[in-house]
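Chemist: just to be clear, the model below is a prediction. Sequence and coordinates:
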Amino acid sequence: MKEQIYTIPVTETVDRINENGECTCLLCSLYKKLEDDELNLILGASMMEPDIRIKTNKEGFCRKHFDMMLTMKNKLGLALMLQSHIDEVRNTVFPKEGLFSPKNKCDASLKPLEEHTKSCYICGKVDFHLGKMAETIVYLWEHEEEFAKKFSKMPYFCVEHYRLLLQTGVYKLPKNKQNDFYTAVSSIQKAYINSLYDDVSWFCKKFDYRFEDEPWGNSKDSCERAVKFLS
């Protein structure tokens, strides 16, 4: 089955999180690995492939991934991509003379500008593969009891990936298993969000003089964890 293509990275990440006691979202960890792989490929082996260059010229990159590429070693590879991408932009966002009357040149520029500013080659690739990994998670949860047990020990899922898991469950599971999957995922989420709320609340109380001598407990990094969870 197609889901099995992504089985190894999913199961290895689940095992690593459980074995190391990492407090992280499973899909965030998978996203980071996919992102790193794509960035290394795009400035390495994929850089000179004509079909890849056509796509990067057309789609470009978001600011986040441009900034990440600027910190990487292959600055020449980035410059070569920028050269051809800039050429693509200047040839598509300016209306060709003679094809449009002066009054509709603004309209003619808007569509290509919108395409250039809303697309990112890396985001598209990572989102596609992460979607397939979410399908693999649902597939393994449904068919492998041992995986379901390991999955139940995940610490939490960020809000965005919690949505992705539930959406994938609705899409991939038969109706008679969807509620069970919801229970499996939401029980993890409810436990974490309740403990996170308590930690943030205690962090706030620590600024009240009545609690200044009380221990911080797990609240010192609660704001950072909350932002990580919510975004």
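Modeler: Sure thing, it's come through.
Chemist: only C-alpha atoms from now on, for both contacts and neighbour counts.
Modeler: Noted.
Chemist: all helices for the protein, in order.
Modeler: Applying DSSP state H to the chain gives helices spanning 7-20, 26-42, 50-59, 63-70, 75-92, 105-118, 121-143, 145-151, 159-172, 175-205, 222-230.
Chemist: run the angle between the longest one and helix 159-172 for me.
Modeler: What separates the directions of helix 175-205 and helix 159-172 is an angle of 170 degrees, with axes from the mean of the first three to the mean of the last three C-alpha atoms, to 10 degrees.
Chemist: now the second one
Modeler: Relative orientation of helix 26-42 with respect to helix 159-172: 90 degrees, computed using the same axes, to 10 degrees.
Chemist: related to what we said a few turns ago, return the most buried member of the helices of the chain.
Modeler: helix 121-143 (a mean of 19; mean count of other C-alpha atoms under 10 Å).
Chemist: which of the helices of the chain has the lowest average pLDDT?
Modeler: Ranked by mean pLDDT, the helices of the chain bottom out at helix 105-118, with a mean of 77.
Chemist: what's that one in contact with?
Modeler: If you take C-alpha atoms under 8 Å, 6 or more residues apart in numbering as the criterion, helix 105-118 is touched by 58-60, 62, 89, 92-95, 100.
Chemist: again, only this time at 6 Å
Modeler: With C-alpha atoms under 6 Å, 6 or more residues apart in numbering as the test, helix 105-118 has contacts from 93-94.
Chemist: and the angle from that helix to helix 63-70?
Modeler: Using the same axes, to 10 degrees: helix 105-118 against helix 63-70 is 60 degrees.
Chemist: name the nearest residue to residue 166, ignoring sequence neighbours.
Modeler: Spatial nearest neighbour of residue 166, chain neighbours left out: residue 182 (6.6 Å); criterion: C-alpha to C-alpha, 6 or more residues apart in numbering.
Chemist: gap between that neighbour and residue 142?
Modeler: Using C-alpha to C-alpha, to the nearest Å, residue 182 is found at 12 Å from residue 142.
Chemist: cool, thanks, signing off.
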